[in-house]
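Visitor: Whatever this is, show me its structure:
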Amino acid sequence: MKKIIPIVAMLVMALKCYAVKVETTANLYVYYPEYSRIDLVCGQMPKAAQKDVEFCCEAAFTGELLEEFKHSNIGDNHICNGVMMKGYRCKANTGGFVWGKGKWKFMRKDDFPAEANGWNMGFCQMLIVMDGSTRPIGAKMKNNKNIYRALCEKDGRLCIVESKKAMTYEAFVKYLSGYKVTHALYLDMGRGWNYAWYRDKNGKVVVLHPESKMAPSYKYRTNWITFYK
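Guide: Below is the predicted model:
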């Protein structure tokens, strides 16, 4: 019995150590999930009652406001739970991200895999930073003001970076570069798509941009990058 108690205590401590660590800069919130796996959940957003979820937010673009979910309404092909699914061709996407067996990869869209090939999840989006260099910013996007969010790699760790307030896309890219991320991939935002949540060190759910009756388009969301304990 004396040997069992310490083992149980260690397991409890191990479960509690999973949390999302939050860093801030003058202009950015940075969320570092501690996780054992990542998936692209499609069709229905993970609920706070799912105790194994650490962080979830919108990932790929949604094409149309459809009453029923279809994988073909997600921007470009994507991998969910180890299965490649066919999405619509999205010209705005220039990059992609995949994760599987404890490793990840950011890439140009042309290099996104044609088959799952052991990757557990993956999706395409606009590439913001690649190998430490910012990608060209289109004239139409440059001055658009919004609260922006991106999936990033910083010092060999994955994080989600969000602007503290509405700013131009050009400014957001500048602040990401100043934070010295190695890679950055856009995450879908805007009214109705900005809702996200994570779990703090006490296991409490913290909501980002709560759902609102003023944004009925919440029901049309299609996919979420999800970090699990």
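Visitor: can we go C-alpha only for contacts and neighbour counts from here?
Guide: OK.
Visitor: what's the neighbour count on residue 50?
Guide: 9 (other C-alpha atoms under 10 Å).
Visitor: That one sits in which helix or strand?
Guide: Using DSSP states H and E, residue 50 falls within no helix or strand.
Visitor: can you check residue 32 too?
Guide: strand 28-33.
Visitor: Return the set of buried residues in that strand.
Guide: 28, 29, 30, 31, 32, 33 (16 or more other C-alpha atoms under 10 Å).
Visitor: check contacts around the second one.
Guide: In this structure, residue 29 makes contact with 22, 23, 161, 162, 163, 164, judged by C-alpha atoms under 8 Å, 6 or more residues apart in numbering.
Visitor: and if we set it to 10 Å?
Guide: 22, 23, 149, 160, 161, 162, 163, 164, 165 (C-alpha atoms under 10 Å, 6 or more residues apart in numbering).
Visitor: rewinding a little: what about the strand holding residue 32, distance to the chain center?
Guide: Relative to its parent chain, strand 28-33 has a centroid offset of 11 Å by C-alpha atoms, centre = their mean, to the nearest Å.
Visitor: Report the mean per-residue pLDDT for it.
Guide: For strand 28-33, mean pLDDT is 98.
Visitor: That strand pairs with which strands?
Guide: strand 20-24 (antiparallel), strand 157-163 (antiparallel) (DSSP bridges).
Visitor: and the helix or strand following it, what other elements does it pack with?
Guide: Once the chain leaves strand 28-33, the next helix or strand it forms, by DSSP H and E, is strand 37-42. For strand 37-42, the elements it packs on are strand 53-58, strand 78-80, strand 95-100, strand 121-125, strand 223-228, judged by 3 or more C-alpha pairs under 10 Å, 6 or more residues apart in numbering; DSSP states H and E.
Visitor: Can you check what angle separates the fourth one from strand 37-42?
Guide: Per axes from the mean of the first three to the mean of the last three C-alpha atoms, to 10 degrees, the angle that strand 121-125 makes with strand 37-42 is 60 degrees.
Visitor: Strand 121-125: which residues count as buried?
Guide: Buried-residue list, strand 121-125, by 16+ other C-alpha under 10 Å: 121, 122, 123, 124, 125.
Visitor: Just name the most buried of the helices and strands packed on strand 37-42.
Guide: When the helices and strands packed on strand 37-42 are scored by mean count of other C-alpha atoms under 10 Å, the highest mean neighbour count falls to strand 121-125 (a mean of 28).
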